[in-house]
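[1] Need coordinates for the below:
(2 chains)
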Amino acid sequence: MATEQAYVAATRFGYGPRPGDLVMIASDPKGWLRDQVENTDLPTELRNLGPSAPLLAETQRQQQGAPQAYVKYLKGEARDVLGREVGRRTMAAIRSGTPFRERLVHFWSNHFTISVKRPQIIAAAGAFEREAIRPNIFGTFADLLVAVTQHPVMLMYLDNQFSFGPNSPAGRQRDFGLNDNLAREILELHTLGVDGGYTQDDVIGLAKLLTGWGVARPQDRSSGTPGAFVFRAVGHEPGTKTLLTKTYRQNGVRSGEEALRDVARHPATARFVATKLATHFVADEPSAASISRLEKVFKDTGGDLRALTLALIDIPETWDAPLSKFKTPNDLIISSLRALNVNELADQRIIGALGLLNQFPFTAPSPAGWSDKTADWMTPEALMTRIEWLRALGNVSPVPNPVDWAESIVGPVLSDETRTTVAQAQSRTEAVALVFSSPEFQRK
Amino acid sequence: MLTRRQTLQHLTVATALMASPAGIRMAFGAVPTDKRLVVVLLRGGMDGLAAIAPYGETSYRRTRGELALPRPGEPGGLVDLDGQFGLHPALASLEPLYRSGDLAVAHAVGIPYRNRSHFDAQNVLENGTHLPHSTVDGWLNRAIGAMAPGDVPVGLAVGANVPLIMRGDARYTTYAPQVLPDVGTDFITRLERMYRQDPILTKTLADAVQAQAMKDDVLGQPRKGSRRDQGGAQAYFRESFGAAGKLLADRNGPRVAVLDTDGWDTHAFQGTTGGPLATQFENLATGLTQLRKGLGAAWQESVVAVLSEFGRTVAINGTKGTDHGTGSVALILGGAIKGGQMATTWPGLDPRHLFEGRDLAPATDIRALLKGILRDHMAVPEGDIEDRVFPDSRYVAGLPGLIRT
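    Just a heads-up that it's a prediction; the model follows:
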């Protein structure tokens, strides 16, 4: 017998049940989630996708060639790679037997947003998530932060690849200098939060610590693998740097890593990350108690994300109030296709849906990423588009017995009103569309 | 480094992948005023010194360096406004409006927020207070509440999401693109029954349904399959601004609209007469032209305020861009505007006069402009402006003389 707890585990923590899941989870919902907090193996869907370095190197080569050929490459080859990445990533979540893990990957990927609005990273956006995010979601927050910040895609997205210390040999010769964009967003959006107590001097300090962190170009083979991270000592600002009252004397790549690790363990970071996790998983306005629990675990373990994730599972508020959050478009698309037991779908179809409902991965409007809150998604226009898309989906994929099927997908929270409306539908396809459009399915 | 054409193409690639097509949903009813007010948000911190360059200022060329624009008369040069300030050449199509008195420029304006976070600054610009997280509603919504108590949706939010500035108790409607077939009234009736227990869904669906009813009347049948990606960013500006104008022009349509644009954060390679920022200016100028066309005769009753959360540093940064700065520029357009003027207190670009030694100092509070417009154009009572719309702002007096009498 499926239970409300099983529904929460499947829908709030995961991406919604596939038929049969709720019964399977019901005996031990928390155990089902805990079992997913272990390895970070690549889902099979993602195994044939290429690493970022050759993709970035190819983009750089194209960029140095004729402008028209570069544009053709971006609109052709690079865009095809992105489409395949997005299609496979979404299909991995649709088919996943460990959907909580997929949701966590997406959560951290959104926390460390990159966007293909910066065209140089179109081809490597998916690889960034596979390489920097996925392997680190159960490690320490410090490891995750370093991996993300050192990834060429992030360095390019936030302009660090050409940030040179004004007093470095390169800075004195060339007309490039310091760019504090990456440093600012790390402090504001990735770690301390805007109220985390840092100053403009700290932004500059971190920017200086990260000078010389760049991406090797095809023509400078001697300095590293083209398209991969490279530390350019000649661009690194010499001398001591200060960040949050601590002085870093050593020069080189290590001091930047050390600074990131320090800021990753800062109490303000614990607070900021705890709040963000609780807002995503618990409620739009999570209770102070929920945030404090996570904050304490973060502090006690030095930012151990495995411990933090296990603590998240044990927050009572999450289980006490099912249906208190609305699904984002990404949630809605994945959960509806899971509910229909879809196992294969052309990338193009998935891409179309994500674009139509306005949450195409790797296109968040700013480095802050997508919002988790109802008010940012539940507008008249957006609701009508959802309903129209779901109505069309119902037409495409009928199920044999809509009422039984509805029980297997939203049974534990199904209201009498919805049950009656679905039972009275004029057609099976309409019944499916009504279940998808129901308050129970729109919420989580 | 990108050429201008490459940048244009990149915008197209990115927006194509986000494919969001066109359609309209709005509700109708008897609206209480003939006046129109449009707020255009330029998200990302628009470089006011590039939009309206103080080329007559002695420090301009020295402090702006490579990003200084050519003088009026030079190839690709600024379009002179008053002998001191010039329009960016990509905004040249706005010059006739300045000459005809339909465009006023407010330079060195700012919100009461002095840090450099986009998101907090946008919150302050939109919530109408001096704190980023002080309200969950926007000043524009509260202004609508003050001018039109009742249940008529006077507000219109253009875009996929409703920005904070329009959120709140006063009803509003939304406009965004559409490609899928309508689901039909019978299906909607079933939904309404299912949604009875859920207030948010009930209200959102009701607004959507009312909106649907209006769309054919105002815009005609939506072009099925029309997609934003056919023309990229410029098409988006043209389409959404044009549609907003038409909807506002309608006798029973909304009266107050907000248009949301992003892409103004120019940290690297922002360019001068060409480049990403010039492209953005071109798009904006196109959008404003379409908005005016859409408004038609209602242009005479309209004020359009183009605002950004802050400006950019005066000096160029290490990657030929600019970083988050403080003072920016606001463009005030419309037939109701007493234009042809620089509504500006100019603090100057001399390094001694810069805010924190790096930004154009904000000499005029943006709320002074907005308070003047709400009072003199939209006839919002002063008591409401002070108590509800911009609370805790009595020290900022509404600017007089912005509106034609």
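[2] Low-confidence regions, chain A specifically.
    A:1, A:221, A:396-398 (pLDDT under 70).
[3] Which residues lie in contact with the residue most central in space within it in this structure?
    For chain A, the residue sitting closest to the mean C-alpha position, by C-alpha atoms, centre = their mean, is A:S109 at 2.4 Å. Under the criterion of C-beta atoms under 8 Å, 6 or more residues apart in numbering or on different chains, the neighbours of A:S109 are A:129, A:133, A:361. Quick note: C-beta positions are derived from backbone N, CA and C, even for glycine.
[4] Closest one of those residues to chain B?
    Nearest to chain B among the contacts of A:S109, counting by C-beta to the nearest C-beta, is A:P361 at 9.7 Å.
[5] For that closest one, the count of nearby residues, please.
    23 (other C-beta atoms under 10 Å in any protein chain shown).
[6] Next, the contact list for the closest residue to it other than its chain neighbours, please.
    Nearest non-adjacent residue to A:P361, counting by C-beta to C-beta, 6 or more residues apart in numbering or on different chains: A:V86, 5.2 Å away. Each residue near A:V86 by C-beta under 8 Å, 6+ apart is listed here: A:126, A:347, A:350-351, A:354, A:360-362.
[7] Provide the backbone phi and psi angles at A:V86.
    Here is the backbone geometry of A:V86 (degrees, to the nearest 10): phi -70, psi -40.
[8] quick one on the thing from earlier: ok, the residue nearest to the centre of chain A to chain B distance?
    Separation of A:S109 from chain B (C-beta to the nearest C-beta, to the nearest Å): 17 Å.
[9] List the residues that contact residue 315.
    Using chain A here. A:278, A:281-282, A:290, A:293-294.
[10] my bad, the chain I had in mind was chain B
    B:63-65, B:322, B:358.
[11] Figure out the helix or strand that residue 214 lives in.
    Because you didn't say which chain, this covers chain A. strand A:213-215 (DSSP states H and E).
[12] my bad, chain B
    Applying DSSP H and E, one finds B:M214 within helix B:199-219.
[13] Now do the next helix or strand after that helix against helix B:199-219, angle only.
    As assigned by DSSP H and E, the chain's next helix or strand after helix B:199-219 is helix B:232-249. On the basis of axes from the mean of the first three to the mean of the last three C-alpha atoms, to 10 degrees, helix B:232-249 is oriented at 90 degrees to helix B:199-219.
[14] and whichever helix or strand comes after helix B:232-249 with helix B:232-249, angle?
    Toward the C-terminus, helix B:232-249 is succeeded by strand B:256-261 as the next helix or strand (DSSP H and E). Strand B:256-261 and helix B:232-249 meet at an angle of 180 degrees, taking the same axes, to 10 degrees as the criterion.
[15] Helices along the stretch 201-350 of chain A, start to end?
    A:253-264, A:267-281, A:288-301, A:305-313, A:316-320, A:329-339, A:347-356 (DSSP state H, counting those that start in this stretch).
[16] contacting residues around B:V109?
    B:48, B:327-330, B:362-366, B:369.
[17] same thing with A:V422?
    Contacts of A:V422 (C-beta under 8 Å, 6+ apart): A:402-403, A:406, A:431, A:434-435, A:438.
[18] how many neighbours does the closest residue to chain B within chain A have?
    When scored by C-beta to the nearest C-beta, chain A has A:G177 as its residue closest to chain B, at 2.8 Å. As a burial measure, A:G177 scores 23 neighbours (other C-beta under 10 Å).
[19] isn't it right up against A:N167?
    No. Taking C-beta atoms under 8 Å as the definition, A:G177 is not a contact partner of A:N167, at 9.8 Å.
[20] Would you mind finding the most buried of the helices of the stretch 201-350 of chain A?
    helix A:329-339 (a mean of 25; mean count of other C-beta atoms under 10 Å in any protein chain shown).
[21] how about that one as CSV, C-alpha atoms only?
    Provided in CSV are the C-alpha atoms of helix A:329-339 (Å, rounded to 0.1, in the frame of the first residue of the first chain):
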residue,chain,number,x,y,z
PRO,A,329,8.9,23.4,-15.3
ASN,A,330,11.9,21.0,-15.1
ASP,A,331,10.2,19.1,-12.3
LEU,A,332,6.9,19.0,-14.2
ILE,A,333,8.4,17.7,-17.4
ILE,A,334,10.5,15.0,-15.8
SER,A,335,7.8,13.8,-13.4
SER,A,336,5.1,13.6,-16.1
LEU,A,337,7.3,11.6,-18.4
ARG,A,338,8.2,9.3,-15.4
ALA,A,339,4.6,8.9,-14.7
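[22] by contact count, what packs against that helix?
    helix A:79-95, helix A:347-356, helix A:380-396, helix A:428-437, helix A:439-442 (3 or more C-beta pairs under 8 Å, 6 or more residues apart in numbering or on different chains; DSSP states H and E).
[23] could you check the angle helix A:428-437 makes with that helix?
    140 degrees.
[24] Please spell out the segments of the stretch 101-250 of chain B that come in under the pLDDT threshold.
    B:160-161, B:177-181, B:215-233.
[25] Give me the nearest residue to B:V314, chain neighbours excluded.
    For B:V314, the closest residue by C-beta to C-beta, 6+ apart turns out to be B:T63, at 4.9 Å.
[26] and A:E407, how many neighbours?
    18.
[27] residues contacting it?
    Contacts of A:E407 by C-beta under 8 Å, 6+ apart are A:2, A:414.
[28] Kindly export the strand or helix carrying it (C-alpha atoms) in PDB.
    Using DSSP H and E, A:E407 sits within helix A:402-410. This file holds the C-alpha atoms of helix A:402-410, laid out as PDB (Å, rounded to 0.1, in the frame of the first residue of the first chain):
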ATOM      1  CA  PRO A 402      -6.600   6.300 -16.000                       C
ATOM      2  CA  VAL A 403      -8.100   5.900 -12.600                       C
ATOM      3  CA  ASP A 404      -5.800   3.100 -11.600                       C
ATOM      4  CA  TRP A 405      -2.900   4.900 -13.100                       C
ATOM      5  CA  ALA A 406      -3.800   8.100 -11.200                       C
ATOM      6  CA  GLU A 407      -3.800   6.000  -7.900                       C
ATOM      7  CA  SER A 408      -0.300   4.700  -8.700                       C
ATOM      8  CA  ILE A 409       1.100   8.200  -9.400                       C
ATOM      9  CA  VAL A 410      -0.600  10.500  -6.900                       C
END
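[29] what inclination does the helix or strand following it have with respect to helix A:402-410?
    Following helix A:402-410 in sequence order, the next helix or strand is helix A:416-423 (DSSP H and E). Computed by the same axes, to 10 degrees, the angle separating helix A:416-423 from helix A:402-410 equals 140 degrees.
[30] Just the C-alphas of helix A:416-423, formatted as CSV.
    Extracted in CSV, the C-alpha atoms of helix A:416-423 (Å, rounded to 0.1, in the frame of the first residue of the first chain):
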residue,chain,number,x,y,z
ASP,A,416,-12.0,13.3,-3.9
GLU,A,417,-12.5,16.2,-6.2
THR,A,418,-9.7,15.2,-8.5
ARG,A,419,-10.6,11.5,-8.3
THR,A,420,-14.2,12.3,-9.4
THR,A,421,-13.1,14.7,-12.1
VAL,A,422,-10.7,12.2,-13.6
ALA,A,423,-13.3,9.4,-13.4
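[31] Right, I'll call it a day here.
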